[in-house]
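1. For reference, the sequence and a predicted model appear below.
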Amino acid sequence: MHVAARTSARHLLFAAVILIVASALLVAGATPAANAAPPSNTWDLATLQSHLETGSVPGYFLTVLGGPTVADQTPVAIPATIESIVPGETQDGALILFQGTGSDISSIGGIADGMSGSPIYAGNPLAPNPDIDPIIGAVSYGDWFTTDGLGLATPIEYMTAIESNYTMGTLHATPAASAHSARLAKPVTVGSKTIKRVVVAASQAKAESVPVTVGAAVFAPLDTVQIGGLSSRSKLFKTTAAKLEAAGYHVVAAPAAASVGAYDPAWSTPLVAGASVGTLYSVGDMWIGAAGTVTYVDGDTVMAYGHPLDWLGSTEAYLTNAWVAGIWHTTMEPYKLMAPSAVQGTIVQDRTSGVEGVIGSRPAEKETKVTASATFNGKTVESTSYMPRSITSSITFYDLLWDMLPTYAAQVPIYKAIDAGYLSGSASTSTTVVVNDGTQDYPVTINNLWDDQDDVTYYTTGDLDNMLLTLTENVDGIAPATIKSVDFHVDFSANRNAARIVGAQVRGGLKIGANHITVKLAQYGVKEFKTQDVILTLPKGTELGDDLDVYGAGFWSDYYYGDMFDSGASATVGKGATTDDRQSVADLVQELENTPTNNDILADYQGGDSSDVAGPEGVGSTSWAVNGDVYLNASNTFLYPRRHLIVRGKSTRIMGMIMRVDGDSAISLYANRLGSTARKLVATLKVKMDRNSIGHFSYTAKHLKAPTRYTAVWDGDDDHLGSTGTTMVIVVPKK
């Protein structure tokens with residue numbers, strides 16, 4: 001689908017991509033390839049150079065120009081003039097400079113995205129005979145702002161070498177160089193211009209910044225990304241487009257090719273040289289990948305593109321037919337309007353000089369099935385998509401897509417159900433992932449609540465992305481995970497379902513054992529405050545006197561990981577592997593199942609002398625998506641009598657101090673006589689602050705008749721934990 005530069009420093013996943021959410025792709029099975037044979041007549045670079053010594057070489061390339069009928073899907077010959085060999089332009093070596101000519105190229109505006117892979121032949125363009133004429137390579141790069149149909153082709157010898165040099169292996173992404181520049185051995189005259197130097201930029205953005213000089217032709221990856229089937233106003237479209245444009249791609253909202261003419265998602269035609277072809281990472285109700293042109297077919301082997309899809313080396317993707325509805329004409333960057341159709345086999349190699357596929361049936365046992373549904377206002381939309389397990393189980397594809405691939409598929413029914421690009425409101429989700437560790441299946445389910453004042457739609461798949469990341473990261477190599485299936489359901493409401501934490505109180509301060517934390521919440525749309533109890537248990541040996549953080553489970557994940565979920569109001573992020581725990585898949589599943597959700601309130605006690613040391617944690621569940629955070633500093637209450645030992649019937653002064661307290665406050669003073677289990681409130685005392693922000697209070701205990709323990713309880717304030725102080729007054733008989 002695109003004429004993409006191998007020299008790009010960024011990812012090329014969407015090089016020649018169509019990202020379309022539409023109707024299901026059906027399996028074509030092992031459709032026999034017509035004219036299945038390796039190229040019988042080729043010119044290598046040495047042979048081509050010998051012919052170029054006497055001048056340019058006439059030729060043509062085969063490609064599909066498309067239209068509304070099946071007949072329009074047949075490759076046609078486009079006249080071309082082979083001008084020169086440009087050395088050192090790719091990792092494999094040289095590229096071939098040519099000029100596309102004729103009325104078709106003139107009206108299109110130049111070499112179009114989607115022509116990459118088109119086989120180029122030396123021969124009479126007026127009487128093309130690809131069965132006899134020598135093939136020299138594949139169209140693979142286009143000139144930026146097109147100068148009279150200039151293009152670059154990948155030599156055929158580089159593509160045939162892929163078949164013999166590589167075998168299937170592990171998915172791996174390799175960095176690429178940024179750009180190349182080369183001076184032609186002989187200047188080439190194209191129209192009224194003379195080309196002396198060729199520059200291949202890493203991206204269109206870099207091509208735009210290359211200084212325009214006389215005699216130079218600048219080539220760039222013409223990697224138009226077409227996003228169809230989704231409104232350009234939707235959150236998914238906008239965020240995906242922004243990420244791709246930041247990486248240097250040109251993104252357009254493509255007309256839905258599926259609605260044009262005789263297009264059928266199950267449409268099938270033999271893969272032959274010049275035919276359109278799709279290379280997809282996902283099929284079904286969501287498809288994502290690239291579309292280009294077949295260079296040649298060798299038995300069950302299909303070679304295409306002449307450039308990498310994403311330069312992953314050994315890989316796995318779907319090999320499909322592709323329907324061309326037409327070509328978008330422009331003098332800057334023309335592109336084919338293409339949509340994938342029947343699955344024909346599997347892509348197995350993604351290399352510098354081309355993409356290799358194998359024709360055959362689609363192996364269901366190697367697929368991840370993603371089912372999703374969304375409900376809004378009584379309308380439910382369902383979808384089903386499929387993708388290779390090698391992709392869904394690879395962390396590499398998070399780096400490529402910025403989200404895990406099943407997350408995109410889970411978003412398919414959302415915008416169809418709400419029929420709007422935004423929804424201020426709430427949602428409840430149920431996300432289930434079935435993962436296998438090579439021995440057994442582990443299903444893990446997370447149910448969650450979401451709320452956002454601007455748009456709740458986009459964030460609801462945050463759990464799925466987190467689950468897939470956690471399960472596939474495999475930090476220490478001892479948790480190999482295979483994602484077998486994903487099931488996602490979401491119910492939307494235009495009503496908000498949020499509560500904000502505005503305060504918390506631990507009456508009397510923390511103690512060893514169970515602590516009841518009363519959390520004060522402001523429910524959206526309700527004037528009266530709500531309260532929720534959270535139980536925090538401090539085990540024996542816990543050092544008391546440290547601080548407490550009370551917050552909604554989605555609050556800090558949004559604060560720290562906002563970029564991951566694009567600043568979603570509520571999102572959960574798993575803890576991930578610790579530095580010393582060798583976690584298995586079973587351990588990761590357990591961790592995910594224990595991950596707090598957005599309706600939970602967490603209470604974290606720091607513990608120890610360092611705030612970096614994780615302490616005990618309490619969790620309380622609510623019926624709202626909770627946000628907000630209250631941090632309570634530890635306080636200390638000290639209580640002491642003026643005289644510890646008094647004679648029966650005498651009085652003494654009980655004095656106290658509270659450290660780390662702001663403003664006026666009050667304490668409750670209790671008395672507990674020796675031999676009695678009852679604690680009696682004897683006074684509520686006003687705390688007076690001194691200039692050092694230390695609170696003072698006092699009480700006169702009169703006519704004591706028995707030893708008595710006094711307890712001062714401060715309930716705390718908006719910034720400090722409550723605290724308790726005790727003292728004992730000993731009463732002795734009169735002599």
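-> Thanks, I have the structure now. All values derive from a computational prediction rather than experimental measurement.

2. Show me the helices in the stretch 551-700 of the chain, by range?
-> Secondary structure of the stretch 551-700 of the chain (DSSP state H, counting those that start in this stretch): helices located at 553-561, 585-593.

3. For the first one, give the mean pLDDT please.
-> With pLDDT averaged residue by residue, helix 553-561 scores 53.

4. Same check on the last one?
-> Computed over helix 585-593, the mean pLDDT rounds to 91.

5. residues of that helix that come out buried?
-> Of the residues in helix 585-593, those scored as buried under the neighbour-count criterion (16 or more other C-beta atoms under 10 Å) are 585, 588-589, 591-592. (Glycine included, C-beta is placed from N, CA and C.)

6. Show me what it is packed up against.
-> strand 425-436, strand 441-452, helix 462-472 (3 or more C-beta pairs under 8 Å, 6 or more residues apart in numbering; DSSP states H and E).

7. What strands flank the first one, and is each parallel or antiparallel?
-> Meaning strand 425-436. Strand pairing for strand 425-436, using DSSP bridges, gives strand 441-452 (antiparallel), strand 482-493 (antiparallel).

8. I'd like those strands written out as a markdown table, with mean pLDDT and distance to residue 388 added.
-> A markdown table is the format used below for the strands paired with strand 425-436 (pLDDT from 0 to 100; distance: least, C-beta to C-beta, whole Å):
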| stretch | mean pLDDT | distance to residue 388 |
| --- | --- | --- |
| strand 441-452 | 96 | 18 |
| strand 482-493 | 97 | 10 |
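
9. element containing residue 416, please.
-> Secondary-structure assignment from DSSP states H and E places residue 416 in helix 412-418.

10. for that helix, packing partners?
-> With 3+ C-beta pairs under 8 Å, 6+ apart as the test, helix 412-418 has strand 367-376, strand 379-388, strand 482-493 packed against it.

11. what angle separates the helix or strand just after the last one from strand 441-452?
-> This points to strand 482-493. Beyond strand 482-493 on the C-terminal side, the first helix or strand identified by DSSP H and E is strand 498-505. Between the direction of strand 498-505 and that of strand 441-452, the angle (axes from the mean of the first three to the mean of the last three C-alpha atoms, to 10 degrees) works out to 90 degrees.

12. Please list the residues outside strand 498-505 that contact it.
-> 426, 451, 517-524, 529-530, 548, 550-552, 555, 569, 601, 603, 622, 624-630, 632, 715-716, 718, 722 (C-beta atoms under 8 Å, 6 or more residues apart in numbering).

13. Now with 6 Å, please.
-> Strand 498-505 has contacts (C-beta atoms under 6 Å, 6 or more residues apart in numbering) with 451, 517-524, 550, 624-628, 630, 715-716, 718.

14. Buried among these? Need that as a selection in ChimeraX.
-> One line in ChimeraX is enough to select the buried ones among these; burial here means 16+ other C-beta under 10 Å:
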select :451,517,519,520,521,522,523,524,550,624,625,626,627,628,630,715,716
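
15. In JSON lines, list the helices and strands packed on helix 585-593 along with distance to residue 276.
-> Conversion of those to JSON lines gives the following (distance: least, C-beta to C-beta, whole Å):
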{"stretch": "strand 425-436", "distance to residue 276": "35"}
{"stretch": "strand 441-452", "distance to residue 276": "39"}
{"stretch": "helix 462-472", "distance to residue 276": "32"}
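
16. Residue 194 pairs with what?
-> Each beta-bridge partner of residue 194 is listed here, defined by DSSP bridges: residue 189.

17. Tell me the buried residues in stretch 91-110?
-> Residues of stretch 91-110 classed as buried by neighbour count (16+ other C-beta under 10 Å): 91-101, 104-105, 108-110.

18. ditto for stretch 643-653
-> Buried residues in stretch 643-653, counting neighbours by 16+ other C-beta under 10 Å, are found at 646, 652.

19. and the contacts of strand 498-505, which of them are in strands?
-> In strands, defined here by DSSP state E, the members of those are 451, 517-523, 550, 625-627, 630.

20. Make a markdown table from the residues you listed and add distance to residue 471 to it.
-> As requested, the ones in strands among the contacts of strand 498-505 are exported to a markdown table (distance: C-beta to C-beta, whole Å):
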| residue | distance to residue 471 |
| --- | --- |
| 451 | 26 |
| 517 | 33 |
| 518 | 37 |
| 519 | 32 |
| 520 | 37 |
| 521 | 33 |
| 522 | 36 |
| 523 | 35 |
| 550 | 30 |
| 625 | 24 |
| 626 | 26 |
| 627 | 27 |
| 630 | 33 |
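
21. Looking at the residues you listed, spot the one nearest residue 376.
-> Of all the ones in strands among the contacts of strand 498-505, residue 376 sits closest to residue 451, with 14.9 Å by C-beta to C-beta.

22. Quickly note the distance from the closest one to residue 500.
-> As judged by C-beta to C-beta, to the nearest Å, residue 451 and residue 500 stand 10 Å apart.

23. Could you count how many residues lie near residue 329?
-> 13 (other C-beta atoms under 10 Å).

24. List the contacts of it.
-> Per C-beta under 6 Å, 6+ apart, neighbours of residue 329: 108-109.

25. change it to 7 Å
-> Residue 329 makes contacts with 107-109, as judged by C-beta atoms under 7 Å, 6 or more residues apart in numbering.

26. and it, what are its phi and psi?
-> phi -80, psi 130 (degrees, to the nearest 10).

27. Check the gap between it and residue 110 for me.
-> For residue 329, the distance to residue 110 equals 10 Å [C-beta to C-beta].

28. Kindly report the same for residue 286.
-> Distance of residue 286 to residue 110, computed by C-beta to C-beta: 31 Å.

29. Likewise for residue 53?
-> Using C-beta to C-beta, one gets 28 Å for the distance from residue 53 to residue 110.

30. what's the burial count for residue 674?
-> For residue 674, which is what you asked about, the neighbour count (other C-beta under 10 Å) is 12.

31. number of nearby residues for residue 86?
-> If you count neighbours by other C-beta under 10 Å, residue 86 ends up with 27.

32. tell me the pLDDT at it?
-> Note for residue 86: predicted pLDDT of 89.

33. and which of the contacts of residue 329 is nearest to residue 685?
-> Each of the contacts of residue 329 was checked against residue 685 using C-beta to C-beta; the closest is residue 109, at 86.1 Å.

34. Tell me who's in contact with the nearest residue to residue 534 once chain neighbours are set aside.
-> For residue 534, ignoring the flanking residues on the chain, the nearest one in space by C-beta to C-beta, 6 or more residues apart in numbering is residue 620 at 3.6 Å. Residues touching residue 620, when contacts are defined by C-beta under 7 Å, 6+ apart, comprise 519, 532-534, 600-601.
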